[in-house]
Every structure is written in C-alpha cells, then in structure tokens.
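# The sequence and its predicted three-dimensional model are supplied below.
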Amino acid sequence: MTISWYGFNYFRIQNSQHSIILNPYSLDKNNKVHKMKADVVVFSDPSKLVTNKFDKEVLVIDAPGEYEANDVFIYGENIKGSVVYLIVFEDIKIAFLGEFGHQELTNGDLELIEGADILILPVGGGALSDAKEAVKIIHQIEPRIVIPSCYSSTSLKIKADDIAKFIKEFGVKPEEFEKFKVQKKDLPQEDMKLIILK
C-alpha cells in the first residue's frame with residue numbers, strides 16, 4: 001500500500017485496486033481540496049462533511065461503528081469526544097487519531113488501537129495534541145510506524161508547531177518520503193520508525 005499526505009490531516013491510503021481518503025478538507029481559505037477518486041472516505045470531524053460532494057458508490061464514514069468495503073475493514077470509536085478509527089487494509093492495522101485533542105488515553109480507550117502497525121496522529125498543538133502528548137500516546141499504543149499530522153507547513157496558514165519540535169521530543173531519526181510504500185512483511189520488528197510525508 002501507499003500512504004500520501006496532502007497537508008494538515010488529509011491523507012490517502014491506496015493500492016492498485018482500492019483507495020481510502022482521510023479527512024479531505026482544508027482548514028484555510030488558501031488551500032482548495034482537489035477531488036480524488038476513492039472507495040472509502042473517512043471523516044474524524046463529521047461537521048466537515050457538508051463541504052464535500054462524493055459519487056454515490058463511495059462509502060462515506062463519519063461516525064463510530066464497524067464498516068467493510070472491498071476487503072477494507074474500518075472500526076470507529078468515540079474517544080473523549082473525538083472519532084478515532086482503526087483501518088485494516090492489506091492485513092496492516094492503521095490507527096488514525098484524526099483531530100485528537102489534549103485528552104489522555106485510558107486503558108479502555110486503548111482497546112481499539114493498541115498495537116496498531118501504523119499510527120497517524122496530530123503533533124502540532126493548538127487545539128490538538130502537542131509534541132509531548134503525542135509521544136505519550138505513541139508509547140501507549142506502541143505502533144511499528146509513526147506518521148505525524150497537523151503540524152505547520154509552508155502551504156497552510158494555520159497556527160501549529162513545527163515538525164522539528166515533535167522530532168526532538170520523540171527522539172527518533174525521521175525518514176522522509178513523498179509517498180510511503182509499505183507491505184506487511186516490511187514492518188519493522190524491533191525499532192519504531194518515524195515517517196515524515198512531504
């Protein structure tokens with residue numbers, strides 16, 4: 001599978017047959033969201049759904065529950081007022097924390113996402129998790145791969161911390177990719193990897 005990042009909290013996960021889009025909305029007026037084909041579109045903030053139009057055959061997910069589409073399984077749960085998802089795609093478990101705020105995860109909260117292979121989570125602070133909080137969550141979930149989101153970038157005029165703050169706090173040397181390709185057999189077994197998407 002390939003994971004691509006389109007700014008802030010907007011991602012696409014795809015293989016040769018299927019494509020999942022996460023949070024396809026822009027948070028400022030300068031950035032327009034370009035339309036992409038997808039089988040499944042996932043929103044962690046249901047209020048953003050109104051700004052999008054999708055083809056009828058697209059499965060749109062914006063609430064807790066269990067979903068299945070073309071061998072992709074998605075489990076959504078409301079944790080501390082935020083919809084958090086576990087996506088199982090090509091036998092890889094991806095935890096997507098969406099726009100998780102400054103709450104702490106309890107043992108009960110962790111049941112859905114603990115031990116996920118890949119964790120995508122906000123690290124830029126503001127209303128969302130900051131670097132310190134993100135690192136604590138990472139140690140609770142213990143994924144193999146961490147992909148940070150919701151930090152400041154040159155294209156987005158939103159107040160958020162720079163990625164360097166999170167890298168320093170996490171203490172893991174990042175690897176940078178335009179698009180990150182991964183298969184189940186490639187997942188690291190010993191060390192955790194930090195992947196920065198450009």
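That came through, no problem.
# got the contact list for the helix of greatest length in the chain?
Longest helix in the chain, counting residues (DSSP state H): helix 131-141. Outside helix 131-141, the residues that touch it by CB atoms under 8 Å, 6 or more residues apart in numbering are 95, 97, 100, 102, 104-105, 110, 113-116, 119, 121-123, 125, 129, 146, 148, 161, 165-166, 168-170, 192. For the C-beta atoms, the positions are set from N, CA and C on the backbone; glycine is no exception.
# Filter these down to just the ones in strands.
Among the contacts of helix 131-141, the ones falling in strands (DSSP state E) are 95, 119, 121, 122, 146, 148.
# Now the second one: closest residue in space, sequence neighbours ignored.
Spelled out, it's residue 119. residue 143 (3.9 Å; CB to CB, 6 or more residues apart in numbering).
# What residues are bridge-paired with the closest residue to residue 116 other than its chain neighbours?
The shortest distance from residue 116 to any residue other than its chain neighbours is 3.7 Å, reached at residue 95 (CB to CB, 6+ apart). On the basis of DSSP bridges, residue 95 is bridged to residue 86, residue 119.
# follow-up on the earlier one: how much space separates the residue nearest to residue 119 from residue 86?
11 Å (CB to CB, to the nearest Å).
# Equivalent analysis for residue 102, please.
For residue 102, the distance to residue 86 - CB to CB - is 22 Å.
# what's the answer for residue 187, then?
Taking CB to CB as the measure, residue 187 falls 16 Å from residue 86.
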